[in-house]
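Peer 1: Here you go, sequence then predicted model.
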Amino acid sequence: MASQALHCDTAPTRERVSNNYLRRKEAAARLREKFGFGSTATLNKLACIGGGPPFRKVGSRVALYDPTDLDDWAISKLGRPQTSTSDVLATGFNPKECA
């Protein structure tokens, strides 16, 4: 069988390949600077358990993040604008349900 490249819907295409992928430490710094949250430890954990921003692997150890994916993920984590902490209570949120 001749060497054939495997293709997948999530494989980068020439249009999708970014020239400015960020390593995990740089990705965390970008999140903190732009959105006020994010740490290398959090990105490490979320890469293991899921729920973090999408990343690509280089070899077995290096994770690379596309800045656009980071921004989209961070925006998805932000809550709606509020004018006071009691705004949450007005929406019917019951903290006891989360305990």
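Peer 2: Yes, it's here. None of the values given here were measured: they were computed from a predicted structure.
Peer 1: if I look at Phe55, how far off is Ala47?
Peer 2: 7 Å (CB to CB, to the nearest Å). (C-beta placed from N, C-alpha, C; glycine too.)
Peer 1: between these two, which one's more packed in?
Peer 2: Comparing Phe55 with Ala47 by other CB atoms under 10 Å, the one with more neighbours is Phe55, at 21 against 16.
Peer 1: Give the closest residue to that one in space, chain neighbours not counted.
Peer 2: Nearest in space to Phe55, with sequence neighbours left out and distances taken as CB to CB, 6 or more residues apart in numbering, is Ala63 at 4.4 Å.
Peer 1: phi, psi of that neighbour?
Peer 2: Dihedral angles of Ala63 (phi, psi; degrees, to the nearest 10) stand at phi -100, psi 130.
Peer 1: With Lys57 instead?
Peer 2: Reported as degrees, to the nearest 10, the phi and psi values for Lys57 are phi -100, psi 140.
Peer 1: residue boundaries of the helices in the chain?
Peer 2: Assigned by DSSP state H, the chain shows helices spanning 24-35, 40-49, 67-77, 87-90, 95-98.
Peer 1: Mutual contacts of Phe55 and Ala47, please.
Peer 2: Residues within reach of Phe55 and of Ala47 at once, by CB atoms under 8 Å, 6 or more residues apart in numbering, are Arg24, Ala63.
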